[in-house]
Every structure is written in C-alpha cells, then in structure tokens.
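In: here you go, sequence then predicted model.
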There are 2 protein chains.
Amino acid sequence: MAQNIYDTPAFFAGYSRLNRSVHGLDGAPEWPAIRAMLPDIQGRRVVDLGCGFGWFARWARSEGAAQVLGLDLSENMLARAKADTDDPAIRYAIADLETLELPDGAFDLAYSSLTFHYIVDFDRLTRMVFKSLAQGTWFVFTIEHPIYMASTQPGWLTRDDGQKIWPVDHYAVEGARTTDWLAPGVVKQHRTLGTTLNTLIKAGFAIRHVEEWHPTQAQIEQSPALAEEMERPMMLLVAAQR
Amino acid sequence: MAQNIYDTPAFFAGYSRLNRSVHGLDGAPEWPAIRAMLPDIQGRRVVDLGCGFGWFARWARSEGAAQVLGLDLSENMLARAKADTDDPAIRYAIADLETLELPDGAFDLAYSSLTFHYIVDFDRLTRMVFKSLAQGTWFVFTIEHPIYMASTQPGWLTRDDGQKIWPVDHYAVEGARTTDWLAPGVVKQHRTLGTTLNTLIKAGFAIRHVEEWHPTQAQIEQSPALAEEMERPMMLLVAAQR
C-alpha cells in the first residue's frame, strides 16, 4: 500500500493550512493553466484520483459534469470532502491508486492533481486509467516536476553572483526521494519527464499538451513570492487523450 | 539569417577535434539511443537538417535509404562532407533552417542532431518539416536539453556536502542564451521542453518517444567521465510521426 502521509496528524494539520486547502482551486496558482487544458465537462463522467477535500469534484459539478467519483487514500480528507457536499452526483471512496481497478469505459475524464508523484507503479495505473476511459476522452493530471524532485537535497541555493539557483542532481536515477515537507519522511517517487510521457504513449494515449507551469506576470504582481517559479519548473501539467 | 558559428575558425577547429567529429556516430554516446528510436529506413527518402560532416547521411545510405539530402549552414562542414563521399544518392546543400522550404511530401524521415537549439523560429521550421513528410513518416531529432541550456551561467557547482549539482535558473524565460563553447559568444535559443513538444503537437505530429538521454552502465564503465550525465539531462531525443 502507498504511504499515507496525509493521515499523519502533523502533515494533515500543515496541509489543511495551505492556501489551496483553505481557498480551494482559486488558491492554487496553477489552476487557471489546468482549467485551460480541460475539455468541456458538461454531461461528462469524471473520476478524480487523489481528490483531497473535494474542491475539484464540486467545481466539476458546477460546470455540468454528470457525475464525479472522488478517490483518495486519506480518511481525514474524505471525511471533510463528504461533509462539504450533499450533491448525490458526487461520490467519494477510499482507494489506493497502487491497486485501484475501475470499470472499463466508465469515465470521460480522469483528473488528478499533485498525486502521482507518490505512486510507485505509474505504468500499471496509466494502463488501468486508459481502460477506464471511453474512446476519445481525456486524462488530465499534474505532478511535481521531475526537476523539482530529482535532487537528493532539493532546495534553493545562491550562486556567487547572487542568482538564486535550483540544484539538479541524480536526475537519471529514478525511484524514491525522501523529503521533509510538512512532516518528516515524506516519500515521493522520481520519474524523468521522458518516462512519464512514454508511459502514457505506451498505454495508448495521445499526448495533447505538456506544460511546465510558471506564473503569469499578473500573478507575480499580485503574489511577488511566485517570481521564483520562473527560475525552475515546479509542476508538470499533462493532457492526454484516449 | 542564423548565426553561423561553425564557420568561425576557432569554433570549426575545436568542433573538428570532438570525438563525434573524429569518430562519427560511434563517437556520440547518445547514438545507440537515437538508433533505437529510428524507423526502418530501407528505401526511404531522408533529409538531415544540420548534417555537419555527413556521418548520418552515409550511415543512412549504408542502411538502405533510397536517397539522402544533407543540409547545413556551414560551408566548411559541407566541403568536408562532400569530399567524404562519392555516393550519387547523397546530395548536400547550404541551407538556413530559419528560412528553408522543402517540397511537400518529399521525405520519409526528417532527422536532425543537436541543431535546433540554434533556431529562433522552431514553430515555422516544425510546420515546414510536417508538410515535407509523407503521411505516416517520421521526424526524429536531438537538441540540447532545456535544463542544460536554461541557466544564465550553465556549469557544474559543488554543494557543501561534495555533491556535484547542475544549476537551473530562468527556466521559464525563453530566448537567447550566450555561452562560450569552443568559441566566445555562441548564441543558443532556450525553449522549455513543454514548448518544444507543444509546437510539434500543434503542427500535427504525434509524439512517439521522448528521451532525456543518459548513459548506460556499460558506457560509464568504458568512459567514466560520462557518469556526470546521470546528474542532469544534457540532451533531449524526440521521435514524432506525421
């Protein structure tokens, strides 16, 4: 079973205080870019892999999705997600994405935000998602960018000339990376960008858009701390079509 | 017109001494990975964009390509390429990839090695290559990886704990990068990996394989200096199909 860091008290408390937990999709600076990559979801059957507090599920319904299945490993997160809606077309369930099976052709959009970098067997998951989608429908997800994850000590450094730099090392060495983020010992799975894309292609997906997210000038003016996201890619956004 | 650094004496002299110039394809450690990505070229019409000394053109003919057109901006390189073959099915011509036009559907494989990172208008070039290929045929190319190119001062640094790191900065800021490699003032064009792939997709290509090249264990044992290429991606290899 995948590590369930979200249900350790320190991590859950810290995560609950993040902008994206308090303010939902609008608290995530990458959301406008994700939204621009999403297909029209009017009348669509949506599955959210790693749904957290259910912000995307509720947004999808507000945009006319026919039904949304939100899956997560964290009981704490699902408890809050369930408490935050009484929409009968939204269903939540505990699921481990390492072993999850979904019915064939049951969905028109598989969505996932910042979850798959915790998954060991992305190949199995991708093939399963492919089968669960109707022909012609979409798989849109975000992960931490492999350049953000690769280093054995990820963290800003300052060069002699004062330039802030992001260190890259061990990029070609795929596998576990242990970091202390909100709680000690969070285990993430580093894969190169090539591996992520080739896994999708091999499963049968057509790659439609690959975005190494960075803030817009307007976002930086509003939140100057975002300027550092011009220096190194932190998030990878992918849209693929069955 | 694109910068023609290859015809400055210092650059040409330095380039001519590189392993890949002296030993050809077998002197390029990424060649086995490129070869594995290439379609069968028996009977195919091939264009090599940035053909240099013509090593690939001669290899393609030895593998049964029907004809090869080698294009390069450098008169010095083409002079040597022409001197190195008397094969009438290989043709060489001076061309500036910023303005080149090729006949519609005239080729079955467009190939390019470590050239496009000098190109300002990759979008125009990609659309032109797409039209020049027969339906179902291939575009296979390598470029310097954007992580290798992005920094304002690309070069290894050593972290306090002794780990060699590759600095990343200005990744999201696309455009010219001036470096001193073989000669001062070599101008390269930084594009994010996402931009390169999305440009291909928008032109109509299907992405078939994306490889952030790294050496094999056997290559590192034979050439220990290659070990550093496990730390950061230096080259990007892409196979796309019309």
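Out: Cool, the structure landed.
In: any stretches of chain A with poor pLDDT?
Out: A:1-2 (pLDDT under 70).
In: which residues in it form strands?
Out: Under the criterion DSSP state E, chain A contains strands at A:45-49, A:67-72, A:90-94, A:107-113, A:133-144, A:157-158, A:164-168, A:175-181, A:183-190, A:206-212, A:235-241.
In: columns distance to chain B and mean neighbour count on top of those strands, output as TSV?
Out: Bear in mind the C-beta positions are built from the backbone N, C-alpha and C, glycine included. Shown next, in TSV, are the strands of chain A (distance: least, CB to the nearest CB, whole Å; neighbours: other CB atoms under 10 Å in any protein chain shown):
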stretch	distance to chain B	mean neighbour count
strand A:45-49	22	24
strand A:67-72	28	24
strand A:90-94	32	16
strand A:107-113	18	24
strand A:133-144	13	20
strand A:157-158	7	12
strand A:164-168	4	21
strand A:175-181	13	13
strand A:183-190	12	16
strand A:206-212	4	20
strand A:235-241	8	22
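In: next, format these as a markdown table and append distance to residue A:197.
Out: Shown next, in a markdown table, are the strands of chain A (distance: least, CB to CB, whole Å):
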| stretch | distance to residue A:197 |
| --- | --- |
| strand A:45-49 | 18 |
| strand A:67-72 | 24 |
| strand A:90-94 | 29 |
| strand A:107-113 | 16 |
| strand A:133-144 | 12 |
| strand A:157-158 | 29 |
| strand A:164-168 | 19 |
| strand A:175-181 | 18 |
| strand A:183-190 | 15 |
| strand A:206-212 | 6 |
| strand A:235-241 | 8 |
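In: residue A:140 contacts residue A:111, doesn't it?
Out: Yes: with contact defined as CB atoms under 8 Å, residue A:140 reaches residue A:111; the gap is 5.5 Å.
In: overlap in contacts, those two.
Out: Common neighbours of residue A:140 and residue A:111, using CB atoms under 8 Å, 6 or more residues apart in numbering or on different chains, are residue A:38.
In: now do the same end-to-end measure for stretch A:38-46.
Out: In terms of CA to CA, to the nearest Å, the two terminal residues of stretch A:38-46 are separated by 12 Å.
In: quick one: buried residues of it?
Out: Buried residues in stretch A:38-46, defined by neighbour count with 16 or more other CB atoms under 10 Å in any protein chain shown: A:38, A:41, A:44-46.
In: ok, stretch A:151-158 next?
Out: Buried, per 16+ other CB under 10 Å, within stretch A:151-158: A:151, A:154.
In: which outside residues touch it?
Out: So stretch A:151-158 is contacted by A:148, A:164-170, A:177, A:179, A:228, B:157, B:159, B:161, B:163, B:165, B:167 (CB under 8 Å, 6+ apart).
In: show me what contacts residue A:149?
Out: Applying CB under 8 Å, 6+ apart, we find residue A:149 in contact with A:117, A:177, A:188, A:190.
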